[in-house]
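1. pasted the sequence and its predicted model underneath.
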Amino acid sequence: MSSLVEQSKKLAAYQAVDENLKDSHSVVGVGSGSTVVYVAERLGQLKNKSSFVCIPTGFQSKELILSNGLRLGSVEEYSSIDIAFDGADEIDSQLNLIKGGGACLMQEKLVASCSKQLFIVADYRKRSPEKLGHAWRQGVPIEVVPAAYNKVLNDLKNLEGYKSAKVRYGGTFKAGPVVTDNSMFIIDADFGEIPVEKVSTLHSQIKSLVGVLETGLFANMTTAAYIGNEDGSVATLTL
Ligand SMILES: O=C[C@H](O)[C@H](O)[C@H](O)COP(=O)(O)O
């Protein structure tokens, strides 16, 4: 990982926190991934960090909250969240997202759907010129009940735009499929480039398949995206 990429992640994360976290915010969602590391770091530097409780989106997120000296809560306790920060694998021109490249998506979507505002932090590689599936070529992550993986793989073939799909394996780090924080499998399904007006429909079609817990398509959830550019600037994308 180049230091340029890391620097752009950090700049985006710090700016997103600095510009949007207010004294009135008492419940803060903290997402997953390598960019959110810098969100947690920034939150941990705040003098008033004990004045808000942080809601994690998974195991890594929980560790980030604790290791930065932040107050840990849960979405079971706080189903209304003032503001959430999270990363993304790709962002389209309408701020729709692909998420789940790190096998976190269900709890991320739960926290995002409980949040009044969702700020996405990412480096310049994540910004698509227009459509999802352009920069992120691994496919749409789909969290599935293990026993249903074969059925879902077959069902996906009937959906418009389908190209291929496979269960995600852990490689040298895990014999067999990746298992999520919810004890599920991940299917990565390639639908090519997804037109912005079809993201929501594709999500609904996949979600309706028996055995699917959640999809990594986040449609119409983003308040703004902070993108760290190669030149050290940060672009703020809003609709
Ligand atoms: O499954 C992982 C999450 O959806 C992440 O937020 C996403 O993959 C982006 O992660 P990163 O900031 O490491 O690129």
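-> Looks like it came in fine. Numbers count the residues shown, from 1 in each chain.
2. contacts only, for the closest residue to the ligand within the chain.
-> The nearest approach of the chain to the ligand comes at Gly33, 2.6 Å away (Cβ to the nearest ligand atom). Using the backbone N, CA and C atoms, a C-beta is placed for each residue, glycine as well. Applying Cβ atoms under 8 Å, 6 or more residues apart in numbering to Gly33 gives the contacts Gln60, Asp86, Gly87, Gly101, Gly102, Cys104.
3. what about the ligand: which of those touch it?
-> Asp86, Gly87, Gly101, Gly102, Cys104 (Cβ under 6 Å from any ligand atom).
4. shouldn't the first one be in contact with Val37?
-> Meaning Asp86. No: assessed by Cβ atoms under 8 Å, Asp86 is found out of contact with Val37, at 11.9 Å.
5. quick one, which of these two is more surrounded?
-> Using other Cβ atoms under 10 Å, the more surrounded residue of Asp86 and Val37 is Asp86, with 31 against 20.
6. show the contacting residues for the more buried one.
-> By Cβ under 8 Å, 6+ apart, the contact set of Asp86 is 29-33, 36, 57, 99, 108, 111-112, 118-121.
7. close to the ligand: what parts of this structure are there?
-> 31-35, 86-89, 99-105, 108.
8. host element of the residue nearest to Ala165 when sequence neighbours are not counted?
-> Leaving aside its sequence neighbours, Ala165 sits nearest to Ala189 (Cβ to Cβ, 6 or more residues apart in numbering; 3.9 Å). Element membership for Ala189 (DSSP states H and E) is strand 185-190.
9. who touches that strand?
-> Outside strand 185-190, the residues that reach it (Cβ under 8 Å, 6+ apart) are 100, 103, 133, 137-146, 149, 152-153, 156, 162-168, 177-180, 206.
10. among the residues you listed, which are in helices?
-> Counting by DSSP state H, the contacts of strand 185-190 place Tyr149, Val152, Leu153, Leu156, Ile206 in helices.
11. residues in contact with Ala224?
-> Ala16, Asn20, Leu95, Phe119, Ile120, Thr236, Leu237, Thr238.
12. from Ala189, how far out is it?
-> 28 Å (Cβ to Cβ, to the nearest Å).
13. contact partners of the longest helix along the chain?
-> Ranked by residue count and defined by DSSP H, the top helix of the chain is helix 3-20. Here helix 3-20 makes contact (Cβ under 8 Å, 6+ apart) with 34-39, 41-43, 83, 85, 117, 119, 121-125, 224, 226-230, 232, 234, 236.
14. so who does the residue nearest to Ile81 when sequence neighbours are not counted touch?
-> Nearest non-adjacent residue to Ile81, counting by Cβ to Cβ, 6+ apart: Ser115, 4.2 Å away. Contact analysis of Ser115 by Cβ under 8 Å, 6+ apart lists Gly29, Ile81, Asp82, Ile83, Ala84.
15. and the residue nearest to Ala165, how far from Ser164?
-> For Ala189 relative to Ser164 (Cβ to Cβ), the value is 8 Å.
16. what does Ile186 give?
-> From Ile186 to Ser164 the distance is 15 Å (Cβ to Cβ).
17. quick one: secondary structure of the residue with the largest distance to the centre of the chain?
-> Outermost residue of the chain with respect to the C-alpha centroid, by Cα atoms, centre = their mean, is Lys47; its distance is 27.3 Å. Of the three states, Lys47 takes coil according to DSSP: H, G, I helix; E, B strand; the rest coil.
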